[in-house]
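Asks: test case, fold it:
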Amino acid sequence: MSALRFGVHAGPQHCTYAELRTVWRAADRGGFDWVSVWDHFAPAVIGETRGPCLEGVATMTALATETRRVAVGCLVFCVLYRHPGILAKAATTIDHVSGGRVHLGLGIGWHEAECAAFGVPFPSLRERLDRLDEQAGLIRRLFDEESVTFDGRYYQLREARCEPRPVKRPHIWIGGMGEKRLLRIVARRADGWNVPFIAPEVFAQKSAVLTSWCEREGRDPAAIQRTINLGLALAADEADARRKRASLEQQFGSMLAFLEPGMLIGTPQQVIDRVGAYRDAGAERINISLRAPFDLEGLELFRETVMPAFT
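Replies: As a prediction, this is how the structure comes out:
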């Protein structure tokens, strides 16, 4: 079994740019091989649109300039917010800024209140999945082909060129876990799959569905990297771990009860055991998902005490 890899996924909301930069630089110092942001115009809270939140493309560009080693990603760009040609050009530009470290995540979006606030139509689940399928295919072609002409249901291109070419062939990630359509799109279009905040046994079940879709699509299941984003409340002893767990309520609010099965909570040994369960379920990378106020102490403790158990 190959070594498990680790990343950091930092939400650019309710924080300053300087605070984000501190997280990125901490992750880039060593051990972690991935740092990502997300794509929202308002904080990622169900039904809420108040509070500071930095835009995804600009923040990902800044991430590229502030780091030197790690892969630079976004989990995930919402299919509703940008034409695929525009997003492909933005990703290619960031790839040049980063020296070839870009990974591009795509997803169908969920924040209906955010869309309403900014005047973005929020179509049916079926349409969003159809758009994702078209978008992922188009972006791959723009990365790979000299010129792209396409006449789809939602997007049209005429001899579109993504020049300059990417420094390296950016990997396309798709986030989500719908078994009937989304995981089939992953099998057809993606280099990597990401899902947040689910228990190990659920991850294993979703991964098995993805493998089944790969086989039906004629795709090698091993060609798709499988990763998960997990919250963290890690402390040296159980009493402090309970305090850290309480602090998650400040970060996640009413969503915590729903997300807690996908949290790493406890002492180093307890978290090692939980991480091992995700590894055994097929996870190839675990991204520590942080929201402000960022727990840099817990992140460093994770690096020092948990990650060495899996290298």
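Asks: find the nearest non-adjacent residue to the most centrally placed residue in the chain, please.
Replies: Closest to where the C-alpha atoms of the chain average out (Cα atoms, centre = their mean) is residue 75, at 2.5 Å. Spatial nearest neighbour of residue 75, excluding adjacent residues (Cβ to Cβ, 6 or more residues apart in numbering): residue 105 at 4.4 Å. C-betas here are computed from N, CA, C, even on glycine.
Asks: now that neighbour: how far from residue 229?
Replies: 11 Å (Cβ to Cβ, to the nearest Å).
Asks: so what's in contact with the two at the same time?
Replies: Here residue 105 and residue 229 have 75, 194 as joint contacts, going by Cβ atoms under 8 Å, 6 or more residues apart in numbering.
Asks: burial count for residue 10?
Replies: Using other Cβ atoms under 10 Å, the number of residues around residue 10 comes to 27.
Asks: for it, give me its contacts.
Replies: The neighbours of residue 10, taking Cβ under 8 Å, 6+ apart as the test, are 20, 23-24, 35-37, 290-291, 294.
Asks: 10 Å instead?
Replies: 19-20, 22-24, 26-27, 35-38, 59, 63, 287-292, 294, 299 (Cβ atoms under 10 Å, 6 or more residues apart in numbering).
Asks: cool, residue 75 as well?
Replies: Applying Cβ under 10 Å, 6+ apart, the residues near residue 75 are 7, 9, 34, 36-39, 56, 103-107, 173-175, 192, 194-196, 227, 229, 287, 289.
Asks: the same query, at a cut-off of 7 Å, please.
Replies: For residue 75, the contact set (Cβ atoms under 7 Å, 6 or more residues apart in numbering) comprises 9, 36, 38, 105, 173, 175, 194, 229.
Asks: what stretches of the protein score poorly on pLDDT?
Replies: For the chain, the stretches flagged by pLDDT under 70 are 1-2.
Asks: so where do the strands sit in it?
Replies: Along the chain, counting by DSSP state E, strands occupy 5-10, 34-37, 71-78, 102-107, 148-151, 156-160, 171-175, 192-196, 225-234, 263-266, 285-290.
Asks: residues making contact with the fourth one?
Replies: Right, strand 102-107. For strand 102-107, the surrounding residues in contact (Cβ under 7 Å, 6+ apart) are 71-79, 91, 94-95, 132, 135-136, 139, 170-176, 194.
Asks: quick one, which of the residues you listed are buried?
Replies: Neighbour-count burial (16 or more other Cβ atoms under 10 Å) is assigned, among the contacts of strand 102-107, to 71-79, 91, 94-95, 132, 135-136, 139, 170-176, 194.
Asks: near the residue lying closest to residue 181 once chain neighbours are set aside, how many other residues are there?
Replies: Spatial nearest neighbour of residue 181, chain neighbours left out: residue 129 (4.7 Å); criterion: Cβ to Cβ, 6+ apart. For residue 129, the neighbour count with other Cβ under 10 Å is 19.
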